[in-house]
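Peer 1: Sequence below, structure please.
(one chain, ligands or ions: 2)
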Amino acid sequence: MASAARDIVQRPKGPSRTVSSSLGSSSSPTATFHPTLPHSRRASPKQLKPFATEDIKILLLENVNQTGRDILARQGYQVEFFKTSLPEDQLIEKIRDVHVIGIRSKTKLTANVLQEAKSLIVIGCFCIGTNQVDLDYAAKHGIPVFNSPFSNSRSVAELVVGEIIGLARQLYDRSNEMHKGTWNKVSNKCWEIRGKVLGIIGYGHIGSQLSVLAESMGMQVIFYDVVNLMALGTARQVPVLTDLLRDADFVTCHVPELPETENMIGPREFEQMKNGSYLINASRGSVVDIPALIDAMRTGKLAGAALDVFPSEPAGNGDYFVNNLNSWAEGLRNLNNIILTPHIGGSTEEAQSAIGIEVAESLMRYVNEGATLGAVNFPEVNLRSLTLDEPNHVRVIYIHRNIPGVLRKVNAILGDHNVDKQVTDSRGEVAYLMADISNVNQSEIKDLFESLEALSCKFRD
Ligand SMILES: NC(=O)C1=CN([C@@H]2O[C@H](COP(=O)(O)OP(=O)(O)OC[C@H]3O[C@@H](n4cnc5c(N)ncnc54)[C@H](O)[C@@H]3O)[C@@H](O)[C@H]2O)C=CC1
Ligand SMILES: O=C(O)CCC(=O)C(=O)O
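Peer 2: Numbering: from 1, shown residues only. Ligands and ions are numbered 1, 2, ... in the order given. From the prediction side, this is the model:
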C-alpha cells in the first residue's frame, strides 16, 4: 500500500516550486525526525518525499560542515559542495537549477541572485546571521530560510573573553615581538580584568552568554539593548547607549546587521567612550565605522580593539586583507594592540558540527515533510509525521498569498476528501497550509494537485 502511494507522488521532472508540488507520500522510514522519542514508543515515521530523492539538487557553499553534508547525502540528494563562496556571476549560474542552497555568512543571496533561482525551494544559512539573504524576497517567492540561531553563540562568547584578556595584557603585541626575536617585558598600561566594567551592546544569545562568563572572571557587566531584558547574575541594563559608553572599560558589540545598527559605533560614540577603553566587534562589519576607529586608536582614545568582522570579507582564504578589499586595511594592520581575526567567532569544531546537523535536518524536514518550524521568514507550521501504518495518505502543502478568501477556495477542494489534520498560519504576506488527507488514490491526488495549481493565489509559477 505504501509503495502505491509512493508511486503517486514521484514526479519525473523533479521538484517544481509551486505550492502543490509538495504533495507527497512516503518512500522510506527514518529515525531522525523525532530524535528525543525512544524508538520503541512510536510507529516508524513515513518520510514524505514529494520527489524522487535523487532529483533534489543541493548546492553547499562556504565549507559547510561534514555533519550537514553527510545528513543530506544520506538522504540520497545530489549534493555539490564548495569550500568557498562564489562570485555573483558563478553563483547565478549554479543557483539556476538547484532546489536547495546552503550557505554561511559570505554568500549574498540578493533579489538579483534569487530571481534566477527558478527551481529553488529552500535556503539554509549554516550560521546565525541571515542578513546576507533578502529574506523578504525569498518569502514572497515561497522560499523559507532556515538558520541555526544559537549553536555558535558560546564559541563567539569565548572568543570575546579571550580578546578581553588579550587586549588588557597587550598579549598579541608581546607575542608578535617575540616572534620577531624581541624581548619586551612591560607592565605599563597592562591590566587585570577583575573589577573592570564590560559594556555589552545587544544582550541576545551571545551577549547574555558573555555576560555570565565575564562575571565569573570578576568583571562588572552593564548592557544596552533595544528590548527590556532580564539581566543575568548581577549584570545591569542601562537605558541608553551613551550610559554604557561612558561607564565601560570594554565595549563589545553583539547586535544584528540592521539599518539601525549600521555605523552604530562612529566618531561620536568613540568620543563618548572612556579614555583608554577598548572596543570589540564580533557582530557584523557594518556596525563599526572603521576609519573612525582608526582615528580613535591613533589619538590614544582607545587603548585597543579586536575586530572579527569587516564590511568586505573575501570569499575564501588567502592574502586578501589588503586595501583592495577594504580601503583602510593597511591603516588597521599598522596599529598596536589591535586583534584582527578572519570572522572566526563561530569557527569551532563544536559549533560547526552542531550547526551542520541542525540546519541540514531543517532542510531535510522541509524537503521531505514540508515542516517550517524554525524558518526565519516564513509561517512556522508542522504536523506530526505520517507513519508507515498510514498508507494512502497524502500531505498537501499550499503556500499562498495571505489574502481573504483563499482558505475558502482551498477547503472547497480539500473538503471532498477525508482531511485528517490541517493547520495553517501566516506571516506578513505569506500563508502556509498543511493538511494530511487519508484514503486517497492516485487519480484523486492528481486532481487535488491540479485544482490547487489552478487557484490564482499561489506564489510561484
Ligand atoms: N563573529 C561571528 O562569527 C559571529 C557573529 N554573529 C553575529 O552576532 C549577532 C548577534 O548574535 P546573537 O546574540 O545570536 O543575536 P540575538 O538575536 O540573540 O541578539 C541580538 C540582540 O541585539 C539586540 N538589538 C537589536 N538591535 C539593537 C540595537 N539597535 N541596539 C541595541 N540592541 C539591539 C536584540 O534585541 C537582541 O537582544 C548576529 O546577528 C550575527 O550577526 C553571530 C555568530 C557568529
Ligand atoms: O562562520 C560563519 O559561518 C559565520 C558565523 C556568523 O557570523 C554567524 O553565525 O552569523
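
Peer 1: from what I can see residue 284 touches residue 128, true?
Peer 2: No - Residue 284 is beyond contact range of residue 128, at 10.5 Å (criterion: C-beta atoms under 8 Å). All C-beta spots, glycine's among them, are computed from the backbone N, C-alpha and C.

Peer 1: Could you pull up the residues touching the residue nearest to residue 140 when sequence neighbours are not counted?
Peer 2: Sequence neighbours aside, residue 429 is the residue nearest to residue 140 in space, at 6.2 Å (criterion: C-beta to C-beta, 6 or more residues apart in numbering). If a contact means C-beta atoms under 8 Å, 6 or more residues apart in numbering, then residue 429 has 139, 140, 401, 402 as its contacts.

Peer 1: Pull out the buried members of those residues.
Peer 2: The neighbour-count test (16 or more other C-beta atoms under 10 Å) marks 139, 140, 402 as buried among the contacts of residue 429.

Peer 1: Keep only those of those that are also close to ligand 1.
Peer 2: Applying C-beta under 6 Å from any ligand atom, the subset of these adjacent to ligand 1 is empty.

Peer 1: coming back round to it: just the contacts of residue 429 now: which is nearest residue 363?
Peer 2: residue 139 (16.6 Å; C-beta to C-beta).

Peer 1: where does the closest one land in three-state SS?
Peer 2: Using DSSP: H, G, I helix; E, B strand; the rest coil, the structure places residue 139 in helix.

Peer 1: Who are the contact partners of it?
Peer 2: 145, 377, 378, 427, 428, 429, 430.

Peer 1: Disregarding flanking residues, what is the spatial nearest neighbour of it?
Peer 2: Residue 139 sits nearest to residue 377 (C-beta to C-beta, 6+ apart), 4.3 Å away.

Peer 1: close enough to count as contact, the one you found and residue 135?
Peer 2: Yes - Residue 377 lies in contact with residue 135 (C-beta under 8 Å); the separation is 4.0 Å.

Peer 1: Mutual contacts of those two, please.
Peer 2: Common neighbours of residue 377 and residue 135 are listed as residue 145 (criterion: C-beta under 8 Å, 6+ apart).

Peer 1: higher neighbour count, those two?
Peer 2: For residue 377 versus residue 135, neighbours defined as other C-beta atoms under 10 Å are more numerous around residue 377 (23 against 20).

Peer 1: what residues does stretch 227-244 touch?
Peer 2: So stretch 227-244 is contacted by 199-201, 203, 208, 211-212, 215, 220-225, 247, 251, 264, 269, 272 (C-beta under 8 Å, 6+ apart).

Peer 1: Could you report the separation of residue 155 from residue 353?
Peer 2: 11 Å (C-beta to C-beta, to the nearest Å).

Peer 1: what do you get for residue 90?
Peer 2: 28 Å.

Peer 1: Quick one: the buried ones among the contacts of residue 429 as CSV, columns for pLDDT too.
Peer 2: Formatted as CSV, these follow (pLDDT from 0 to 100):
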residue, pLDDT
139, 97
140, 95
402, 93
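
Peer 1: and the nearest residue to residue 322 once chain neighbours are set aside, how many neighbours does it have?
Peer 2: Spatial nearest neighbour of residue 322, chain neighbours left out: residue 329 (5.4 Å); criterion: C-beta to C-beta, 6+ apart. Number of residues near residue 329 (other C-beta under 10 Å) recorded here: 18.

Peer 1: repeat for residue 151
Peer 2: 23.

Peer 1: Spell out the secondary structure type for the closest residue to it other than its chain neighbours.
Peer 2: Distances taken as C-beta to C-beta, 6+ apart put residue 354 closest to residue 151, at 4.0 Å, once the chain neighbours are dropped. Secondary structure for residue 354, judged by three-state DSSP, is helix.

Peer 1: contacting residues for residue 354?
Peer 2: When contacts are counted by C-beta under 8 Å, 6+ apart, residue 354 is found next to 67, 148, 151, 152.

Peer 1: before we move on, what about residue 104?
Peer 2: 61, 62, 63, 64, 85, 125, 126, 127.

Peer 1: quick one: buried residues of stretch 311-327?
Peer 2: 311, 313, 314, 315, 321, 326.

Peer 1: Show the pLDDT at the last one.
Peer 2: At residue 326, the pLDDT value in this model is 94.

Peer 1: nearest spatial neighbour of it, skipping sequence neighbours?
Peer 2: residue 312 (5.2 Å).

Peer 1: Could you check how far the residue most central in space within the chain is from ligand 1?
Peer 2: The chain has residue 147 as the residue nearest its centroid, 3.2 Å off, counting by C-alpha atoms, centre = their mean. Using C-beta to the nearest ligand atom, to the nearest Å, residue 147 is found at 10 Å from ligand 1.

Peer 1: ok, now residue 384?
Peer 2: Taking C-beta to the nearest ligand atom as the measure, residue 384 falls 29 Å from ligand 1.

Peer 1: Get me the contact residues on the stretch 101-250 of the chain for ligand 1.
Peer 2: Counting by C-beta under 6 Å from any ligand atom, the residues of the stretch 101-250 of the chain close to ligand 1 are 128-129, 150, 152-153, 156, 201-207, 224-227.

Peer 1: Buried subset of the residues you listed, written for PyMOL?
Peer 2: Buried residues within these, by 16+ other C-beta under 10 Å, are selected in PyMOL with:
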select buried, resi 128+129+150+152+153+156+201+202+203+204+205+206+207+224+225
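
Peer 1: and ligand 2, which of the residues of the stretch 101-250 of the chain next to ligand 1 contact it?
Peer 2: 128, 129, 152.

Peer 1: Spit out the contact partners of the last one.
Peer 2: Each residue near residue 152 by C-beta under 8 Å, 6+ apart is listed here: 127, 128, 345, 346, 348, 351, 352, 354, 355.

Peer 1: hmm, 7 Å instead?
Peer 2: By C-beta atoms under 7 Å, 6 or more residues apart in numbering, the contact list for residue 152 reads 128, 346, 351, 355.

Peer 1: Mind putting those into TSV with secondary structure and pLDDT?
Peer 2: Formatted as TSV, the contacts of residue 152 follow (DSSP: H, G, I helix; E, B strand; the rest coil; pLDDT from 0 to 100):
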residue	secondary structure	pLDDT
128	coil	97
346	coil	98
351	helix	98
355	helix	98
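
Peer 1: State the pair within those that is farthest apart.
Peer 2: 128 and 351 (9.7 Å).

Peer 1: list the buried ones in stretch 220-240?
Peer 2: 220, 221, 222, 223, 224, 225, 231, 232, 235, 237, 238.

Peer 1: Mind listing the residues bridging to residue 338?
Peer 2: Going by DSSP bridges, residue 338 is paired in beta bridges with residue 305.

Peer 1: How much space separates the residue nearest to residue 322 from ligand 1?
Peer 2: Using C-beta to the nearest ligand atom, residue 329 is found at 18 Å from ligand 1.

Peer 1: likewise residue 449?
Peer 2: Going from residue 449 to ligand 1 by C-beta to the nearest ligand atom gives 39 Å.
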